[in-house]
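In: Let's see this in three dimensions:
(one chain, ligands or ions: 1)
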Amino acid sequence: MRVAVTGANGMLGGEAVAQLSGRHEVLALGLGPGRPPEGSHRWLEADLGDGQAVERALSEFGAQAVLHAGAVTDVDGCEREPDLAWRVNAGGTQQVARACRALGARLVAVSTDYVFDGAAGPYGEDDVPNPRGVYARSKLAGEWAALSIAPDCAVARVAVVYSGRAGARPTFATQVVEKLSRGEPVKAFVDQWTSTTLAASGAAMCLELLLDTGYRGVLHASDETVLDRVDFARRMARRFGLEGEIVSVRTADVKLLAPRPLRGGLRVERAKGMLRNRPLGIEEALARFHVEWGRRGAA
Ligand SMILES: NC(=O)c1ccc[n+]([C@@H]2O[C@H](COP(=O)([O-])OP(=O)(O)OC[C@H]3O[C@@H](n4cnc5c(N)ncnc54)[C@H](OP(=O)(O)O)[C@@H]3O)[C@@H](O)[C@H]2O)c1
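Out: Numbers count the residues shown, from 1 in each chain. Below is the predicted model of the structure:
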């Protein structure tokens, strides 16, 4: 099958390309200098913010299925550059959806737990979004564009994505390991409750949703455990056998441009009942992250 992945140089898209490699004809679309792991895919640079570049690339490839994982993901950066956020997260998703409609291709568009305000999480698929901030609003607009333009479409929401793969971008998870390894303290929000998503686990769920189901609508595809970031950092430290200080901070005491959901998190019962690739519990996810990290060292 001809499968295209946007955001293929990102954490989730890169994992998806690796998992598809050798099984399908893969077009990997991205923009910046990062590249997905070596494999049998074709790489193409195309800007989701350009209005037509990605749509054209998908049409020329004749995509039969598209995993749309490309987005401007810097939440505070979206407040600084709202035009870019809207152009890429909403407009880019429209492009992808238009191409899928024209091609009769199936689409899975990746979205975020940030569509919820975090007043009373964790949230199920049928809870009503209330996005706060440019990133959150532009992603919800992307969800609506995908679902209303592409007839065969699912939206997969994930949360706090992290990857130990070599070349994957730095995240809170990688900072915890790196700082504690250097003997530096780690600051973590004690009042932000969230789900997390190991990129490899999220990618596996998204690809199964794309290729092995005909599910239409929203599906929560994060890992299972909802926890605060201090707990996440402590578990990470334990898994890596790292000692060191984890300093609890409160969101209101830190200057952040975009609002953060506090009682967030995604309920994943639907994915658990539907997919073979089940959302992981936090300890299993951290065990796999630990293995990825070990391979990074060996690479
Ligand atoms: N990261 C999280 O914690 C998180 C949480 C919830 C939901 N999500 C969603 O999960 C999906 C995957 O994100 P991720 O976690 O894999 O983040 P990521 O590593 O930041 O990947 C996003 C990718 O989108 C690409 N991109 C950005 N602007 C682009 C443009 N104008 N044209 C083409 N490509 C562009 C980026 O390319 P460059 O490398 O060139 O910038 C990057 O590779 C996104 O839809 C995101 O909104 C992420």
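In: The host helix or strand of R234 - contacts with which helices or strands?
Out: Assigned by DSSP states H and E, R234 belongs to helix 229-240. Identification of packing neighbours for helix 229-240 by 3 or more CB pairs under 8 Å, 6 or more residues apart in numbering; DSSP states H and E yields helix 172-181, strand 186-189, strand 246-249, helix 282-298. (Each C-beta comes from the backbone N, C-alpha and C, glycine too.)
In: does the ligand sit close to the last one?
Out: No - looking at helix 282-298 against the ligand by CB under 6 Å from any ligand atom, there are no contacts, and the closest approach is 13.7 Å.
In: thinking again about what came up before, pLDDT averaged over the helix holding R234 - what is it?
Out: Confidence for helix 229-240, expressed as mean pLDDT, is 98.
In: Could you do stretch 166-185 as well?
Out: 95.
In: All further residue positions should be reported with the first residue as 43.
Out: With 43 as the first residue, the last one maps to stretch 208-227.
In: End to end on that stretch, go ahead and measure it.
Out: 24 Å (CA to CA, to the nearest Å).
In: ok, now stretch 112-127?
Out: Span of stretch 112-127 from end to end, CA to CA: 12 Å.
In: just how off-centre is it within its chain?
Out: Distance of stretch 112-127 from the chain centroid (CA atoms, centre = their mean, to the nearest Å) equals 15 Å.
In: quick one: P79 from G55, how far?
Out: Note on P79: its distance to G55, by CB to CB, to the nearest Å, is 11 Å.
In: Of the two, which one has the most company?
Out: Ranked by neighbour count (other CB atoms under 10 Å), P79 and G55 place G55 first, with 27 against 15.
In: and that one, what element?
Out: Per DSSP H and E: helix 53-62 holds G55.
In: tell me how far that helix is from the chain's mean position?
Out: 11 Å.
In: got the buried residues for it?
Out: Neighbour-count burial for helix 53-62 flags 53-62 (criterion: 16 or more other CB atoms under 10 Å).
In: hmm, back to that, so which of the helices and strands packed on helix 271-282 is the most packed in?
Out: Of all the helices and strands packed on helix 271-282, strand 228-231 has the most neighbours on average by mean count of other CB atoms under 10 Å, namely a mean of 20.
In: what are the pairing partners of that one, and which direction each?
Out: Partners of strand 228-231 in the sheet, by DSSP bridges, are strand 288-291 (parallel).
In: Not counting the strand it pairs with itself, show me its contacts.
Out: Contacts to strand 288-291, defined as CB atoms under 8 Å, 6 or more residues apart in numbering, come from residues 218, 227-232, 272, 275-276, 279.
In: does A178 count as helix, strand or coil?
Out: Assigned with DSSP: H, G, I helix; E, B strand; the rest coil, A178 falls in the helix class.
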